[in-house]
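# Turn this into a structure:
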Amino acid sequence: MSINKEKILILTGNYGDGHVQVAQAIYEAIQLRFPTLEPVIIDFMEYTHPYSKHVSRSLYFQGIKKFPKVYGYVYQKTRRMNTISKMMKKIFSTGMGRMLKLIEEVHPTVVVSTFPLAAAVLSKLKSLGLTDIPAITVITDHTDHSCWIYPYTNKYIVGSGVVRDSLINLGVGEERISVTGIPIRQLFLQSLQKETIFKKHNLDPNLLTVLIMGGGCGLIGDGSSTIKEFEKLPQTVQFIIVCGRNEKLQMKLKDKLQNSKHHIHLTGYINNVHELMAVSNLMVTKPGGVSTFEAIAMELPMLLYKPIPGQEQDNAKFLVQSGVAIQAMKERDLIDHISKILSNAELLQQMSENAKNFHPKESAFASAEVIIRTMKVHNNLQDQLFTCG
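Have a look, this model is predicted:
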């Protein structure tokens with residue numbers, strides 16, 4: 001870290017790739033647009049709970065995977081502020097000592113949270129008068145929830161007017177909300193040569209290509225049995241299947257699909273998904289807030305499959321209503337939808353046009369502008385108070 005540059009502390013958490021990717025997008029945008037400032041990304045859970053982080057992360061993902069209905073029930077029960085959500089917020093507001101130490105070490109002029117627990121702890125510190133640093137929260141889904149809302153947050157950055165209106169209904173003042181779109185990395189804004197990408201990944205440019213994304217942990221449907229159903233498709237398709245960190249699933253698919261009539265390209269966790277999106281005609285995915293916004297930026301039509309109860313269901317509803325995605329709930333629906341979508345060039349074109357009209361491509365820069373304005377307003381108020389004093 002530079003000693004002379006003003007620091008912008010960006011707090012994230014690796015509980016799904018979305019929080020991390022948004023943090024990275026903001027980091028890049030600040031570096032490009034405001035080179036005199038220095039953004040610093042810290043994994044909040046790694047720093048404040050280094051010993052329990054891996055256990056809590058594992059419990060979180062296992063809970064979602066094995067008990068999705070329970071997760072959805074708790075999510076809906078705590079959507080608005082009530083006794084349960086207040087109790088959970090008290091539990092989440094742990095790690096204040098280490099958070100205060102982090103602020104003293106980095107000495108930032110503003111703190112940006114892409115992870116709700118970080119926003120919780122910072123608000124608690126401010127409520128106790130231990131810091132007065134401006135706090136900004138970036139909501140990484142197309143939805144609202146009380147877990148993001150705290151009284152000492154200065155500004156909320158949200159993905160759409162729908163989320164803004166929902167936050168207002170939750171009691172957040174409109175002046176505290178900025179609609180920028182969910183921040184996405186610069187990789188998804190580049191103009192790419194498809195022919196070069198086809199050659200690089202040994203893909204057939206003459207086949208319709210379907211990209212299957214299950215998130216960073218490879219959570220897509222019920223795994224290999226779902227993918228095996230693709231053999232029922234009447235047309236031959238080129239499938240790019242991203243298994244993420246799920247190595248067991250990747251090995252299982254490699255074995256089961258070796259005699260497939262389709263062209264199969266299997267991969268684990270990757271950093272070049274923008275290239276695969278660029279050469280795909282359709283993406284089958286779970287509706288994460290960030291990955292779907294990246295697809296929108298690439299003008300890639302989406303088929304959403306089995307969203308878990310909670311924020312994924314909210315994301316799916318928003319994306320379908322926006323005309324950039326279609327939703328399938330069962331395996332039979334999934335196969336039918338893939339076949340019908342790939343056979344309907346007009347539908348694919350319309351979904352792509354709807355994505356193009358969404359205009360999220362400046363979202364990271366717009367978010368950076370909001371962050372800097374909030375920081376400057378706070379600094380000006382501090383100067384006025386100092387002068388009056």
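# where in this structure is pLDDT low?
Flagging of the chain using pLDDT under 70 yields the residue ranges 1-3, 51-67, 71-77, 79-94, 214-225, 359-360, 380-389.
# domain ranges for this protein?
6-184+362-388, 192-356 (automatic domain parsing).
# Export the ones you listed as a markdown table, with columns for mean neighbour count.
All C-beta spots, glycine's among them, are computed from the backbone N, C-alpha and C. Listed next are the domains of the chain as a markdown table, based on neighbours: other C-beta atoms under 10 Å:
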| stretch | mean neighbour count |
| --- | --- |
| domain 6-184+362-388 | 18 |
| domain 192-356 | 18 |
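# State the distance from Ala278 to Phe293.
Using C-beta to C-beta, to the nearest Å, one obtains 16 Å as the distance from Ala278 to Phe293.
# hmm, I was thinking of Gly161
15 Å.
# and if you look at Gly13?
Distance of Gly13 to Phe293, given as C-beta to C-beta: 18 Å.
# One more: Gly173?
Going from Gly173 to Phe293 by C-beta to C-beta gives 25 Å.
# Which residue ranges of the stretch 101-250 of the chain form strands?
Listed in chain order, the strands of the stretch 101-250 of the chain (DSSP state E, counting those that start in this stretch) span 108-113, 135-138, 155-158, 177-179, 209-213, 238-242.
# quick one: Ala290 and Val138, what's the gap?
Not Ala; residue 290 is Val. Counting by C-beta to C-beta, the separation of Val290 from Val138 is 10 Å.
# Find residues that contact each of these two.
Taking C-beta atoms under 8 Å, 6 or more residues apart in numbering as the criterion, Val290 and Val138 both touch 22, 182.
# where exactly do the helices run in the stretch 1-150 of the chain?
Assigned by DSSP state H, counting those that start in this stretch, the helices in the stretch 1-150 of the chain fall at 17-33, 44-48, 53-66, 68-77, 83-92, 96-106, 116-127.
# Leaving out sequence neighbours, find the closest residue to Leu122.
Ala135 (5.0 Å; C-beta to C-beta, 6 or more residues apart in numbering).
# and the one you found, bridged to which residues?
Taking DSSP bridges, one obtains Val111 as the residues bridged to Ala135.
# contacting residues around it?
Residues counted as contacts of Ala135 (C-beta under 8 Å, 6+ apart) are 110-111, 113, 119, 122-123, 126, 150, 152-155.
# One more pass at 7 Å, please.
111, 113, 119, 122-123, 126, 152-154 (C-beta atoms under 7 Å, 6 or more residues apart in numbering).
# what do you get for Val320?
By C-beta under 7 Å, 6+ apart, the contact list for Val320 reads 326-327.
# Would you mind giving the secondary structure of it?
helix (DSSP: H, G, I helix; E, B strand; the rest coil).
# any idea how far it lies from Gly268?
Counting by C-beta to C-beta, the gap from Val320 to Gly268 is 30 Å.
# now do Gly97
Gly97 is 38 Å from Gly268, by C-beta to C-beta.
# With Leu300 instead?
Plainly put, Leu300 is 21 Å away from Gly268 if you go by C-beta to C-beta.
# Over to His145?
According to C-beta to C-beta, His145 and Gly268 sit 31 Å apart.
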